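**Student:** quick one, what's the 3D model for this:
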Amino acid sequence: MSNIKTARASWTGKNLEFDATMGSGYQFKMSSKPGAESGSPMEMLLAGVVGCTGIDVVSILQKMRQNVHGVEVEIKAKRAEDYPMVYTEAELVYVVRGENIDPQSVEKAIELSEEKYCSASIMFRRSGVEMSTSYRIEEQAAA
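**Tutor:** Have a look, this model is predicted:
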């Protein structure tokens, strides 16, 4: 049963805004017109991809004993012009900050995430999204 995940969205009665509740209890708002207080469902998919792969990369780099102080992952994705307006292309950019970070370790961590561990990005790839990846390392001493 642990492989089953749940979520619920309830219309607030206001415009096209929904309150979403995850099986974990986490809550957030979604709207057809995202803004400061809500994101769109399609933005949530992107957040899932960068969150998932970011968690993997940090975990893997820590296991590789890399002195990582920060990781950011950004995704830029293009949607089809016509409905159903699915994502067709996505570019992931990783920024890894730390001391004496080994580029080969970063490459291996990203590869493991994107090919083995990150279910969200693997679902994107399997659905036909053309994905590209790049990274950069920024030297940063411990605070």
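**Student:** next, Lys14: secondary structure please.
**Tutor:** Three-state assignment for Lys14 (DSSP: H, G, I helix; E, B strand; the rest coil): coil.
**Student:** how many residues are close by it?
**Tutor:** The tally of other residues near Lys14 (other C-beta atoms under 10 Å) stands at 8. No exception for glycine: its C-beta is placed from N, CA and C like everyone else's.
**Student:** Val73 too?
**Tutor:** So Val73, with other C-beta under 10 Å, has 24 neighbours.
**Student:** the helix or strand hosting it: which residues count as buried?
**Tutor:** In this structure, Val73 sits in strand 67-79 according to DSSP states H and E. Residues 68, 71, 73, 75, 77 are the ones in strand 67-79 that count as buried (16 or more other C-beta atoms under 10 Å).
**Student:** just the pLDDT for the most centrally placed residue in the chain.
**Tutor:** Central residue of the chain (C-alpha atoms, centre = their mean): Val50, 1.6 Å from the mean position. Val50 is assigned 98 on the pLDDT scale.
**Student:** now Ser119: how far from Asp19?
**Tutor:** 25 Å (C-beta to C-beta, to the nearest Å).
**Student:** domain assignment for this protein?
**Tutor:** Residue ranges for each domain of the chain read 1-39, 41-139, as given by automatic domain parsing.
**Student:** and the strand holding Val73, what does it pack onto?
**Tutor:** On a contact count with 3 or more C-beta pairs under 8 Å, 6 or more residues apart in numbering; DSSP states H and E, strand 67-79 meets helix 41-63, strand 87-99.
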